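Colleague: Pasting a predicted model and its sequence here:
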Amino acid sequence: MPVNVYVSVSPSITTLSLSYGGVTESTENGFGMKIGVGKEWWVGDHWGIGVAGQFFFGSNKAKGTIQPTWNTTAGGVAFSATYN
């Protein structure tokens, strides 16, 4: 019986922007990634439902003369329905 477990990795190009009090700060393009691990269960002859945990990461240098690096992380849960 198949276990229907998956791992996904999605590298990306990221950018960030922040506006406050009429001032906008932004970053240069940087590296980002999404990593996910999930499982699906068959609930009918053609239908499956699933759940996945996801982790997101980004690293960007700020524009301007002082260039700190902005690192961002996040996590989430995704639900899916599949018709095959």
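Modeller: Arrived safely. Numbering: from 1, shown residues only.

Colleague: C-alpha only now, for contacts and for neighbours.
Modeller: OK.

Colleague: list the buried ones in the helix or strand bottoming out on mean pLDDT in the chain?
Modeller: Least confident helix or strand, the chain: strand 23-26 with a mean of 88, by mean pLDDT, DSSP states H and E. Neighbour-count burial for strand 23-26 flags S26 (criterion: 16 or more other Cα atoms under 10 Å).

Colleague: List the strands paired with it, with their directions.
Modeller: Note on strand 23-26: by DSSP bridges, its sheet partners are strand 17-20 (antiparallel).

Colleague: How about residues contacting the strand it pairs with?
Modeller: Residues from elsewhere that reach strand 17-20, judged by Cα atoms under 8 Å, 6 or more residues apart in numbering: T24, E25, S26, T27.

Colleague: With distance to T14 as new columns, can those be given to me in JSON lines?
Modeller: As requested, the contacts of strand 17-20 are exported to JSON lines (distance: Cα to Cα, whole Å):
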{"residue": "T24", "distance to T14": "17"}
{"residue": "E25", "distance to T14": "15"}
{"residue": "S26", "distance to T14": "11"}
{"residue": "T27", "distance to T14": "9"}
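
Colleague: tell me the contacts of G75?
Modeller: G53, Q54, F55, F56 are the contacts of G75 under Cα under 8 Å, 6+ apart.

Colleague: what's the helix or strand for the second one?
Modeller: Read that as Q54. Element membership for Q54 (DSSP states H and E) is strand 47-61.

Colleague: List the buried residues of that strand.
Modeller: Neighbour-count burial for strand 47-61 flags G48, G50, V51, A52, Q54, F56, F57, G58, S59, N60, K61 (criterion: 16+ other Cα under 10 Å).

Colleague: bridging residues for the first one?
Modeller: Under the criterion DSSP bridges, G48 forms beta bridges with W42, T82.

Colleague: Surely it touches A81?
Modeller: Yes - between G48 and A81 there is a contact at 5.7 Å, judged by Cα atoms under 8 Å.

Colleague: Pop out the phi and psi values for the residue of the chain positioned farthest from its centre.
Modeller: No residue in the chain sits farther from the centre than D45, which is 30.9 Å out by Cα atoms, centre = their mean. Torsion angles at D45 (phi, psi; degrees, to the nearest 10) stand at phi -60, psi -30.
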